[in-house]
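> Need the 3D shape of this:
(chains A, B and C)
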Amino acid sequence: MGRFAARRIAQGLLVVLGVTIVVFVVTRLVGDPVDVLLPLEATAEQRAEFEHRLGFDRPIPVQFVDYLEDLARLDFGESFWQHRPVMEIVLEHLPRTFTLVIPAMLLMVVLAVPLGVLAALRPGGFLDRVTVVLSLIGLSIPQFWLGLLLILVFAVELKLLPPLGGGSPKHMVLPVLTLALPAVGRLAMIVRSSMIEELNQQYVKMALAKGIPYARVVGVHALRNAAIPALTLSGWEFIRALAGYSVIVEFVFQWPGVGFLAMQSIERQDLFLLQGIVFVVAVMVVVVNVIVDILYKAIDPRIKLA
Amino acid sequence: MRTQERVRARRRRELLGGRPYEMLRALRSALDELWGDKVGLFGLLVVVGLVLVAVLAPVLAPHDPTAGALGDRLRPPAWAEGGSARFLLGTDEQGRDILSRIIYGTRVTLLVGGSVVLLAGTFGTLAGLVAGYKGGRWDSVIMRIVDTQVAFPGLLLALVILAVVQPSVTSVIAVLALNGWMVYARMTRGVVLSVKEMPYVDAAEIVGCRPRRVVLRHILPNLASPLLTLAVLEFARIILAEAALSFLGLGIQPPQASWGLMVSQGKNYLFSAWWLVTFPGLAIALTVLGVNLLASWLRVAADPQEREKRFAAATSQRATQGTV
Amino acid sequence: MSVARTDGRVPPGGRLLEVEDLHVKFFTRRGVAHAVRGVSFRIDAGETLGLVGESGSGKSVTALALMGLIRLPGRITAGDVRWKGRSLLGPGGERLLAGIRGREIAIVFQDPMTSLNPLFTVGFQIGEVLRHHLGIGRDQARRRAIELLEMVGIAFPEQRAQQYPHEFSGGMRQRMLIAMALACEPELLIADEPTTALDVTIQAQILELLAELQRRLGIAVLLISHDLGVVAQVCHRIAVMYAGHIVETGAAEEVFSRPGHPYTEGLLRSTPRLDRVESRLQGIDGSPPDLIHPPPGCPFHPRCRLADERCPAEMPPLEDHDGREVACWHAFGRRVGEEAGAGTSHG
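Prediction:
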């Protein structure tokens, strides 16, 4: 177990390192950070002073080492925009993103798994075809459009829910739905196809031959095996929701989470804040991956931890 | 009746023989399959339609997508009050015709989708081939890179990169390709590894076939159909990704027409001019749906076992209804 | 949740299973495959019947049909299966089967590698059938599972019960599947090609195990195999299947020493023997028939050296020749209708 943990931590560090290197390269080398950060009218002296203050006039390798050192201390400097430590701002916004992502993922599982299982019980049947159609539609709809449509229908036409912003559970409903529905489509398809495959396996025939009732064979024997690919996909969905779709959804609904913060910092060209956000999100992604791996091991005894 | 047809077809094949006829027959049976499966047909029609519309855009579009008269701004679709037949789907905030912009938007969609799939697919497949076939060090290193990059927060990084590097068609394609090659590498490597296990590859190597020949004749045919299916699926995903980037303002830039960009420009008028957001979004959804359906049909058509299962499923329906 | 046994145990010699004119069809894309055509046989308590035939002869399908495990695209289209006198295919049959499967009739399948769920321990899977049918608690089930593992010759059963299927070899898994089958003390054990997927040395062990268990527990066994050698070791009686029909039945020794059907004869001739040195193995010419478009009349006639014009015209019925049943117009190498040394003739 120790070896496994050490390996996974090493892998995780590699990922985070990789991400931060990319960000560094992109921000320092490809663009000129000073151009990005300073207003256009700045004089040459102001530029020089600025560069020196922030260390942008030093050779790149030196900057990189400094950057890594700062990283290790989790010091991302101060946000240009809000004049507060970057970490503080990011950690303030992070829980709000989880407030959307976690219920969305729960909703995804609660809807997709029963749908997928029921569809698999009678492939080609009515419920199966409906499930497949709905799932395909769900996963083909662009998330931002879905959000806008939901706002149009529920907030404007029906005036049931508030369109934008955060603050109350009512505000959560539409963003969570927007995050969840395409994921439901994708997960339901995977659950359905895994279940169909498992139900064709020999161990299912054997369990039925033992006299085990069909419901138990489906729900205990087959479902557990089908859970493995479903778990893989659920992990991906969580990560994509956290590190990608949250940006879109929070942007559409103006929900003050990390994704919205990222868009704002892009708009305001706040490099340091962006770096901080990317770092924190990368770490979250690594953590989720590790948790998924642990869950794998809990389900599948064939997996060797090494 | 069908048996007679098959017997006749078989005799024809025996007479003509040869590779071209085999391929024709394969194509013919694929077409038959497609017709039988209307859903797959819809998918193919969508893709073909996309290409046709993109190519024929100047002919099909009633107006210039970038030109709009302010006097015509925010006209509703033709069937609504205040709409006119001149602008079938209405106009945007600059008076430009929505329908024309959607038509021209197919070009962007096709260009970005196709380029990314080509770039990422080629690079990823090569990487997977090398990793799978050479194994050892190569495999370790390549797969390590793949695993690491897969764990990157893709969209977020794309945003950061595009924010710094000015967004344009080229940069969007580059970023999406950089983010998308890993899945091809993994799949290809998987296929190569499983084919390598097969005795006939061993036999080929023992006989003295050079690695390149082994790859070309034995591995690639097995790779063709899963790769095609994957490419189509990725195409769908890239369409959505480009739309999202354009929506966020970091993708295609105005005055070019991208569907995602149109939705973004339209969202400020969501409450007053719903058509600005609805039609471009519908275009995206229908296109992606069609492409996904095509991918789904490809997967079934390429794998004979899947076809049998499909048939069994359909028969089970008829059997339980007592018509068999 | 246990279901009561149907009518209690049947005494030795009593009629356990009766299959009458069973037909099973598979509806595939290429056509309708008539896999089992009018199969009839019986099994009495404590006796062993061997069902022999090549791949595609319908023997496995018959076994699945007995237990009501035929799934689409296959269907039982005619006939009856009676267990202790009660019909399993008629109304109420499914309810009966629910209590019978795993409890009064148990089955061991061909491939031990895939018959066990990889995610649960062996002890759990054996205990599951005990808990379902006998309603006993988890601890008691675990203890009984360990006993069963010991009975089939697994060493260190307490540890083994906690392990997962992938940690065992094919032979050990097959033993475990046998243990699982015998858990509720069934009266009939169906073994479908139990040794085909195993090495020859392990085959012998498994067969010995089956024979010993059969003697000790007095269970009836339906042993299905394409291998005559396997069947010879364990079975009292034999039924030979070809293309969905039963073409011969009789006591094992008699069938082996004096086969009545040309197919049986061919099978015997093509089996390598240790006690006789032969220069060449003799196969049976031709190949098994297409079940979707079978030959008319007797399905074996294209490959039969005795075939004449009657054979493609009419399917010979299974006729009794003094305790031996043969479905052939030329049973025992003679034309039906001639005087035969050991059998009665039919017109």
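> CA only for contacts and neighbour counts going forward, please
Will do.
> in the stretch 1-150 of chain C, which spans are helices?
C:59-66, C:93-100, C:122-134, C:138-151 (DSSP state H, counting those that start in this stretch).
> cool, the stretch 201-324 of chain B as well?
B:211-214, B:220-247, B:259-266, B:275-302, B:304-320.
> ok, back up a step: as a markdown table, the helices of the stretch 1-150 of chain C with mean pLDDT would be great.
Below are those laid out as a markdown table (pLDDT from 0 to 100):
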| stretch | mean pLDDT |
| --- | --- |
| helix C:59-66 | 91 |
| helix C:93-100 | 87 |
| helix C:122-134 | 93 |
| helix C:138-151 | 92 |
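> Ok, which of those comes nearest C:Leu274?
helix C:59-66 (27.3 Å; Cα to Cα).
> Please see if that closest one touches chain A.
No. Applying Cα under 8 Å from any Cα of the partner chain, one finds helix C:59-66 out of contact with chain A, separated by at least 8.9 Å.
> What helices and strands are in contact with that helix?
Packed against helix C:59-66 by the contact rule (3 or more Cα pairs under 8 Å, 6 or more residues apart in numbering or on different chains; DSSP states H and E) you find strand C:15-28, strand C:31-44, strand C:188-192.
> and after the last one, which helix or strand comes next?
So the one you mean is strand C:188-192. Beyond strand C:188-192 on the C-terminal side, the first helix or strand identified by DSSP states H and E is helix C:200-217.
> How about the contacts made by C:Leu69?
Going by Cα atoms under 8 Å, 6 or more residues apart in numbering or on different chains, C:Leu69 touches A:Lys205, A:Leu208, A:Ala209.
> I meant to write A:Leu107 there.
Counting by Cα under 8 Å, 6+ apart, A:Leu107 has contacts A:Ala180.
> if you set the cut-off to 10 Å instead, what comes out?
A:Val101, A:Val176, A:Leu177, A:Leu179, A:Ala180, A:Leu181, A:Ala183, A:Val184 (Cα atoms under 10 Å, 6 or more residues apart in numbering or on different chains).
> cool, C:Glu208 as well?
C:Ile202, C:Gln214, C:Gln233, C:Val234.
> what two of the residues you listed are the furthest from one another?
Checking the contacts of C:Glu208 with Cα to Cα, the most distant pair is C:Ile202 and C:Gln214, at 18.2 Å.
> Near A:Ala5, how many residues? Count them for me, please.
14 (other Cα atoms under 10 Å in any protein chain shown).
> And it, which helix or strand is it part of?
helix A:2-24.
> Next SSE downstream of whichever strand or helix holds C:Gly266?
Using DSSP H and E, the element containing C:Gly266 is helix C:262-270. Using DSSP H and E, the next helix or strand after helix C:262-270 towards the C-terminus is strand C:319-321.
> packing partners for that next one?
strand C:245-251, strand C:324-326 (3 or more Cα pairs under 10 Å, 6 or more residues apart in numbering or on different chains; DSSP states H and E).
> Just checking: what are the partner strands of that strand?
Neighbouring strands of strand C:319-321 in its sheet, by DSSP bridges, are strand C:324-326 (antiparallel).
> Looking only at the partner strand, what residues are buried by neighbour count?
Using 16 or more other Cα atoms under 10 Å in any protein chain shown as the test for burial, strand C:324-326 gives C:Arg324, C:Glu325, C:Val326.
> of all the residues you listed, which comes closest to B:Thr106?
B:Thr106 has its nearest neighbour among the buried residues of strand C:324-326 in C:Val326, at 73.3 Å by Cα to Cα.
> element containing C:Gly229, please.
Assigned by DSSP H and E, C:Gly229 falls in helix C:228-234.
> Go through the contacts of C:Leu69 and flag which are in strands.
Nothing among the contacts of C:Leu69 maps onto strands, per DSSP state E.
> Closest to chain C out of the residues you listed?
Ranked by distance to chain C (Cα to the nearest Cα), those are led by A:Ala209 at 5.7 Å.
> What are the neighbouring residues in contact with the closest one?
A:203, C:64, C:67-69, C:97-98, C:100-103, C:105-109, C:129, C:181.
> got a list of what the residue lying closest to B:Pro153 once chain neighbours are set aside touches?
Leaving aside its chain neighbours, B:Pro153 sits nearest to A:Ala243 (5.3 Å; criterion: Cα to Cα, 6 or more residues apart in numbering or on different chains). Contact partners of A:Ala243, counting by Cα under 10 Å, 6+ apart, are A:97, A:237, A:258-259, A:277-278, A:280-282, A:284-285, B:152-157.
> For residue 89, give me its contacts.
Here I'm looking at chain A. A:Ile89 neighbours (Cα under 10 Å, 6+ apart): A:Glu78, A:Ser79, A:Gln82, A:His83, A:Val258, A:Leu261, A:Leu273, A:Gly276, A:Ile277.
> My question was about chain C, not that one.
Contacts of C:Leu89 by Cα under 10 Å, 6+ apart are C:Ala65, C:Leu66, C:Met67, C:Gly68, C:Ile76, C:Ala78, C:Gly79, C:Asp80, C:Val81, C:Arg82, C:Leu96, C:Leu97.
> Looking at those, which is nearest C:Glu150?
C:Met67 (27.4 Å).
> Any regions of the stretch 1-150 of chain B where pLDDT drops low?
B:1-36 (pLDDT under 70).
> Most proximal residue of it with respect to chain A?
Counting by Cα to the nearest Cα, the stretch 1-150 of chain B gets nearest chain A through B:Thr148, at 5.2 Å.
> Run a quick neighbour tally on that residue.
B:Thr148 has 21 nearby residues by other Cα under 10 Å.
> Surely it is in a helix?
Yes. Remark: B:Thr148 belongs to a helix, assigned using DSSP: H, G, I helix; E, B strand; the rest coil.
> ok, so what distance separates it from A:Leu14?
From B:Thr148 over to A:Leu14 the distance is 7 Å, taken as Cα to Cα, to the nearest Å.
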